[in-house]
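[1] Fold the following for me, if possible:
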Amino acid sequence: MIVSERMTKNLVMVGVASTASEAAKKMLSENVGTILVTDKGQLKGLVTDRQIVTKVVGTGKDASKVKVSDFMIEDPVTCSPDMEICEAAKIMGENKYRRIPAVEAEKLVGILSIADIAEHAKTCNKCMQNILDEVARED
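    Numbers count the residues shown, from 1 in each chain. Now for the predicted structure:
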């Protein structure tokens, strides 16, 4: 199975000039844990709910004044929508990502989550083994 068959195509995005507060509100309203950061339609980074807590709120910064571009994961690792899910799972495991954007011809087309992979892995021994290998790996 390939990434495009499991990825989420309804993307939740903010611009690079958006604040942490704006990103958090959008994440809450859309019920997502990761938001993609774009500039003129190009993927520039991503922000997780955990980053907002640990890099902004938890450090006492004003979330309405901190730009997502100040703490986002810049130029995140991506996958292709034509990539085998097992390969995307391996990339995610190696980088300790729970979600990975899917990009085709420099255009953001989806996002693949660990939940998407877990659903597929129920019936794919190779994917399940990749997941288990990464979970058990010592750094």
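
[2] So the closest residue to Asp39 other than its chain neighbours versus Arg98, what's the distance?
    On the basis of Cβ to Cβ, 6 or more residues apart in numbering, the spatially nearest residue to Asp39 that is not a chain neighbour turns out to be Val16, at 4.7 Å. Yep, even glycine has a C-beta here, placed from its N, CA and C like the rest. When Cβ to Cβ, to the nearest Å is applied, the distance between Val16 and Arg98 equals 22 Å.

[3] And for Leu112?
    Taking Cβ to Cβ as the measure, Leu112 and Arg98 are separated by 10 Å.

[4] before we move on, what about Arg6?
    As it turns out, when the distance is counted by Cβ to Cβ, Arg6 lies 14 Å from Arg98.

[5] Who has more neighbours out of these two?
    Neighbours per residue (other Cβ atoms under 10 Å) separate Arg6 from Arg98, with Arg6 holding more: 19 against 14.

[6] Could you give me the buried positions within stretch 71-86?
    Taking 16 or more other Cβ atoms under 10 Å as the basis for neighbour counts, the residues of stretch 71-86 that come out buried are Phe71, Met72, Ile73, Pro76, Thr78, Cys79, Ser80, Pro81, Met83, Glu84, Ile85, Cys86.

[7] swap in stretch 85-101?
    By neighbour count, with 16+ other Cβ under 10 Å as the criterion, the buried positions of stretch 85-101 are 85-93, 97, 99-101.

[8] with those in mind, which one is nearest to Glu119?
    For the buried residues of stretch 85-101, the closest approach to Glu119 (Cβ to Cβ) belongs to Ile85, at 9.8 Å.

[9] nearest to Gly45, of the buried residues of stretch 71-86?
    Taking Cβ to Cβ as the measure, Met72 is the one of the buried residues of stretch 71-86 closest to Gly45, at 3.5 Å.

[10] show me what contacts the residue lying closest to Met1 once chain neighbours are set aside?
    What sits nearest to Met1 in space, not counting adjacent residues and going by Cβ to Cβ, 6+ apart, is Ile85, at 5.1 Å. Contacts were defined as Cβ atoms under 8 Å, 6 or more residues apart in numbering; by that measure Ile85 touches Met1, Ile2, Val3, Glu5, Arg6, Leu112, Asp116, Ile117, His120, Cys124, Cys127.
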